[in-house]
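Colleague: Kindly generate the corresponding structure for this input.
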Amino acid sequence: MKEQYGDVSVTMLDGFVAQCEINRPPNNFFDLSLIRDLAECFEDLDANSACRAIVLCSNGKHFCAGANFSSPDRKPEGDVLSAKSADTRNPLYTEAVRLFHCKKPVIAAVQGAAVGGGFGLAMMADFRVVCENTRMTANFVKLGFTPGFGLTHTLQRVVGPQKANLLFYTGRRINGETAMEWGIGDIYSDVETIRDSATSLAREIAENAPLALISVREQMRPGLADAVQAATDIEGSEQYWLQRTSDHKEGVASVAERRTGNFQGK
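Modeller: The predicted model follows:
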């Protein structure tokens, strides 16, 4: 059985596991439509008794390289960061919060890069499988604005505020080994078998009583979706005005050109 939600394909595997694969290779950049499709997919799987756990994976070199800021069609008020004002919610984050409301456990197979909002998508999952070429970065400050996708809540929930601040303030990237040391990664795998490792964990989870799984997950993530909503409200408001600064334009240019940004504080 295979279904399609835009660029997300869903395959039902043996053992009550659903594989949700993002198909935007090689970088799997995200936008509003992709996150909306994922939310609709996850909500349908919540209602599907044949699914007890979800493997989130990507077809391509990278798990999700974030938003495509280098796209020639991108506009500041466009699809990626599309709040109409600083006081309105970003539709992208409204869709992201839908993911956090879903009830089935999610295991992310994070090969290659998980950048910015792609890192946020990985942190939405209950567990992350990483490998030798995994690279994670919340590089927002290098782009002249601030974290999004609920990372200001979800990352420090896992690694604590100090390590989260270290990543947020520097924009540095970490590899799979560091992700394991910090508790961001839960299983270390070879890149060739990362999806198999994620599926194996999903099946180990899914062999258990489904109502009990949902119950314990709710107990272990109390109020998480509401907390992410509150976080993204602030993130979206801050991103709105910062993305209209000269520093943001310089940040996008400097990252694309692989150089240090010449920021002026305006």
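Colleague: in the stretch 1-150 of the chain, which spans are helices?
Modeller: In the stretch 1-150 of the chain, the helices defined using DSSP state H, counting those that start in this stretch lie at 32-46, 91-101, 117-124.
Colleague: make that the stretch 151-266 of the chain, sorry
Modeller: 151-159, 161-170, 176-182, 194-206, 210-220, 224-242, 246-256.
Colleague: Quick check: pLDDT value at the residue nearest to H248 when sequence neighbours are not counted.
Modeller: Distances taken as CB to CB, 6 or more residues apart in numbering place G144 nearest to H248, at 3.6 Å, with adjacent residues excluded. The C-beta positions use only the backbone N, C-alpha and C, and glycine is treated the same way. pLDDT recorded at G144 is 95.
Colleague: what number of residues lie near G144?
Modeller: Number of residues near G144 (other CB atoms under 10 Å) recorded here: 21.
Colleague: Touching, it and W241? I think so.
Modeller: No: counting by CB atoms under 8 Å, G144 does not reach W241; the two are 11.3 Å apart.
Colleague: From G183, how far out is the residue lying closest to T154 once chain neighbours are set aside?
Modeller: Spatial nearest neighbour of T154, excluding adjacent residues (CB to CB, 6+ apart): M123 at 4.2 Å. Going from M123 to G183 by CB to CB, to the nearest Å gives 12 Å.
Colleague: for L34, same thing?
Modeller: On the measure of CB to CB, L34 and G183 end up 27 Å apart.
Colleague: List the residues that contact the most centrally placed residue in the chain.
Modeller: Central residue of the chain (CA atoms, centre = their mean): L121, 1.0 Å from the mean position. Each residue near L121 by CB atoms under 8 Å, 6 or more residues apart in numbering is listed here: 30, 35, 56, 63-64, 96, 99, 108, 114, 149.
Colleague: quick check, nearest of these to R89?
Modeller: Ranked by distance to R89 (CB to CB), the contacts of L121 are led by A96 at 10.6 Å.
Colleague: who does S58 bridge with?
Modeller: Bridge pairing for S58 (DSSP bridges) gives the partners I22.
Colleague: Can you give me the pLDDT of it?
Modeller: Model confidence at S58 (pLDDT) stands at 98.
Colleague: One more: D7?
Modeller: So D7 comes in at 97 (pLDDT).
Colleague: Return the residues in contact with it.
Modeller: When contacts are counted by CB under 8 Å, 6+ apart, D7 touches 22-24, 33-34, 37.
Colleague: count of residues packed around E257?
Modeller: 10.
Colleague: any idea of the pLDDT on it?
Modeller: Looking at E257, its pLDDT reads 89.
Colleague: And it, how close does it get to E250?
Modeller: From E257 to E250 the distance is 10 Å (CB to CB).
Colleague: where does the stretch 51-200 of the chain have low pLDDT?
Modeller: Scanning the stretch 51-200 of the chain with the threshold set as pLDDT under 70 gives 71-87.
Colleague: So L32 is in contact with E95, correct?
Modeller: Yes: in this structure, L32 is within contact of E95 by CB under 8 Å, at 6.6 Å.
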